[in-house]
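Asker: Predicted structure and sequence below. I'll ask about it afterward.
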Amino acid sequence: MDQSELADLTTTALARAVDGDDDGAAMTVCEIGIRSSPDQFDVYKACCGFAEAGRQALVKLYGGRVPDPARGETWAMLPLGAGEADAPDTFSMRFLVAFANGDQPTMLALWRAALLADNDQYVASVASLLRDVATLVRKANEL
C-alpha cells in the first residue's frame with residue numbers, strides 16, 4: 001500500500017471513530033492491517049496518525065497550559081491504580097503521551113510489545129488508541 005492510500009485509510013478510520021461509527025472504523029483499521037506489509041509497519045504508521053490527531057486535540061483542550069519542551073516540560077499521564085486499566089488501555093495512553101513528547105523509541109517499543117502480544121491484544125491496543133483519540137477529538141471539537 002502506498003503512503004497516500006495509508007493516509008486516506010487512517011483519516012477515514014479516525015473520521016468514522018469520531019462520528020461514532022465503531023464498525024466502520026474497525027473495518028477500516030482491519031483493511032490497514034490486511035494491506036500492510038508482513039511486519040505490520042503500516043499499522044504503526046496509522047497509530048502515529050491517530051496519535052497526531054490526539055496530540056492536536058490535547059493542544060486545543062489545554063491551550064496555554066501545553067508543556068513546553070524548550071523548558072524541559074513533557075506530557076505525562078497520571079499513574080494508573082492497580083486493576084484500573086488493562087494492557088490495551090495502558091498501551092493507548094502511553095503511546096499517545098510518547099508521541100506528544102516526540103519519544104519515538106518509546107512509541108516503537110510500545111507498538112512492538114503490542115504486536116508481539118497475542119493477536120486479540122494487538123487488535124484491542126490499536127482499537128483502544130483509536131477510541132481514545134476519537135474521544136479527545138470530539139471533546140476538542142466541542143470548544
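Answerer: Good, I have the coordinates.
Asker: Tell me which residues of stretch 58-77 come out buried.
Answerer: Applying a neighbour-count criterion of 16 or more other Cβ atoms under 10 Å, the buried positions in stretch 58-77 are 58, 67, 75. Just so you know, the C-beta spots here come from the backbone N, C-alpha and C atoms, and that holds for glycine as well.
Asker: Go ahead and name everything in contact with that stretch.
Answerer: Among residues not part of stretch 58-77, those counted as contacts by Cβ atoms under 8 Å, 6 or more residues apart in numbering are 93, 94, 97, 100, 101, 102, 136, 139, 140, 143.
Asker: what do you get if the cut-off is 10 Å, keeping everything else the same?
Answerer: In this structure, residues lying in contact with stretch 58-77 by Cβ atoms under 10 Å, 6 or more residues apart in numbering are 55, 85, 90, 93-94, 96-103, 133, 136-137, 139-143.
Asker: Weed out the non-buried ones from these.
Answerer: Among those, those classed as buried by neighbour count (16+ other Cβ under 10 Å) are 55, 90, 93-94, 96-101, 103, 133, 136-137, 140.
Asker: Return the item of the residues you listed having minimum pLDDT.
Answerer: When those are compared on pLDDT, residue 90 comes out lowest, with 89.
Asker: close enough to count as contact, it and residue 124?
Answerer: No: the pair residue 90 and residue 124 does not pass the contact test of Cβ atoms under 10 Å, sitting 11.1 Å apart.
Asker: picking up where we left off before, out of the buried residues of stretch 58-77, list just those in helices.
Answerer: Using DSSP state H, the subset of the buried residues of stretch 58-77 located in helices is residue 58.
Asker: how about the buried residues of stretch 58-77 in CSV, adding pLDDT?
Answerer: Compiled in CSV, the buried residues of stretch 58-77 are given as follows (pLDDT from 0 to 100):
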residue, pLDDT
58, 93
67, 88
75, 88
